[in-house]
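*Asks:* kindly generate the corresponding structure for this input.
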Amino acid sequence: MSFENEEKAKGYWDENLKLVLKLLAIWAFVSFGCGVLLVDILNEFSFMGFKLGFWFAQQGSIYVFLLLIFVYVKGSNALDKKYGVDE
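*Replies:* As a prediction, this is how the structure comes out:
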């Protein structure tokens with residue numbers, strides 16, 4: 001990956017870091033927040049026959065993590081095109 005100048009490289013990595021931190025915050029909320037902290041509130045609802053808090057702790061956080069991988073790939077590709085370092 002070769003940038004035209006140092007300023008573009010810094011801008012690229014700043015935006016990339018912001019994207020990663022946003023996605024990590026979402027994942028932390030879903031896995032820890034919904035699976036541990038809010039489990040009692042979410043267990044009042046059911047999803048596919050399971051209590052929602054239990055489902056988030058066992059399945060939901062994994063599905064969200066996989067979804068976030070695809071979101072990161074799309075966002076990273078958009079950043080690459082924006083800064084002219086795509087393949």
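
*Asks:* tell me the mean pLDDT over the helix or strand harbouring Asp80?
*Replies:* Using DSSP states H and E, the element containing Asp80 is helix 61-82. Rounded to a whole number, the mean pLDDT of helix 61-82 is 95.

*Asks:* for Glu7, grab the count of nearby residues.
*Replies:* The local packing count at Glu7 equals 9, with neighbours defined by other CB atoms under 10 Å. (C-beta placed from N, C-alpha, C; glycine too.)

*Asks:* err, Leu52, not the other one
*Replies:* The number of residues packed near Leu52 is 19, by other CB under 10 Å.

*Asks:* you'd agree it is up against Asn43?
*Replies:* Yes - assessed by CB atoms under 8 Å, Leu52 is found in contact with Asn43 at 6.4 Å.

*Asks:* one step back: tell me the buried residues in the helix holding Asp80?
*Replies:* By neighbour count with 16 or more other CB atoms under 10 Å, helix 61-82 contains the buried residues 61, 64, 68, 72, 75, 79.
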